[in-house]
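In: Sequence first, predicted model second:
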Amino acid sequence: MTRFWPTQTTLLPPMRCLRSIAIVPLLLLLAAPAGAQDAVPTQVTVRAVSNDAKLIQDPVGGAHITIEHVETGEVLAEGRQSGDSGSTEKIMRQPHERGASIYEAPGAAKYETTLDLAEPTRVRVTAEGPLDYPQAMQTASKTVLLVPGEDVAGDGITLTLHGFIVEVLRPSASDVNPGGDVPVRARVQMMCGCPTKPGGLWDATRYTIRAQLLREGAVVAEEPLSFTGTTSEYEGALSMPDAGADQVRVTATDADRVNFGMGTMSL
């Protein structure tokens, strides 16, 4: 009986096939994009601050914070800054040394989020507030390059909101009589809700606080307001012209520190 013994030639094709199968995954791996990276969780802290004062805190509604991708406009994160106004001693009284923490303190207002970043990313960070006082709200923004894995903590990214919160408390409807005096009372606070008064930490003697009567947008009477003795409150009287007026406007200004505020009341 004749036996057939396989030769080396008959074995080669199957072996070559197996080797090819083994090489395919390796080639696919090597063919993956060289720049592809996994996203890295990156912490970002943002703080909105009242100019010449403290952090925008919960009692004034906090501030709305938005972080968006500069190139695409995609909103990467948004939310509300919450907490208290921070340490008066650190923010307002102690000299600020380079590199020292100013705003970080237990309970101090901030907005924190974690972004998944796969590459260095330029973002636009925006703060708007104080949220409980629409007539006083201001906006500030800045662009920042964020790097994956490089957390932004401590004082974080700070945004300064300029202005005052001005509320017109009086007159009431019964106070308005043509040809008579109109009593005006207003409350003036910093954007963080911090109090103002003459000689105080937020010294009202530096501010110009004035009341105006308007008729169809034109000023028909104007007088300064004086401190009432109650923190943050100021009062005065305006002479109502015979032709009447349809609005009271109170302004507070501190041009040296670029803080301006306004409140109105319809008559």
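Out: Now that the structure is in, tell me what you want to look at.

In: Please count neighbours and contacts with C-alpha atoms only from this point.
Out: OK.

In: Wait, residue 136 touches residue 166, no?
Out: Yes. In this structure, residue 136 is within contact of residue 166 by C-alpha atoms under 8 Å, at 7.1 Å.

In: what residues do the two have in common as contacts?
Out: Both residue 136 and residue 166 are contacted by 261-263, under the criterion C-alpha atoms under 8 Å, 6 or more residues apart in numbering.

In: so which of the residues you listed is the most crowded?
Out: Of all the shared contacts of residue 136 and residue 166, residue 261 has the most neighbours under the rule other C-alpha atoms under 10 Å, reaching 23 neighbours.

In: For that one, list each beta-bridge partner.
Out: Here residue 261 sits in beta bridges with residue 252, going by DSSP bridges.

In: residue contacts, it?
Out: Counting by C-alpha under 8 Å, 6+ apart, residue 261 has contacts 136, 163-166, 251-253.

In: Could you check the pLDDT of the closest residue to residue 163 other than its chain neighbours?
Out: In this structure, residue 163 finds its nearest non-sequential neighbour in residue 259, 4.1 Å apart by C-alpha to C-alpha, 6 or more residues apart in numbering. We have a pLDDT of 98 for residue 259.

In: buried residues in the helix or strand where residue 185 lies?
Out: Taking DSSP states H and E as the criterion, residue 185 maps to strand 181-190. Buried residues in strand 181-190, defined by neighbour count with 16 or more other C-alpha atoms under 10 Å: 182-190.

In: on that earlier part again, list the contacts for the residue nearest to residue 163?
Out: By C-alpha under 8 Å, 6+ apart, residue 259 lies in contact with 51, 162-164, 253.

In: now residue 42
Out: For residue 42, the contacting residues are 114-117, 147-152, by C-alpha under 8 Å, 6+ apart.

In: just the residues you listed now: which is nearest residue 96?
Out: residue 152 (19.8 Å; C-alpha to C-alpha).
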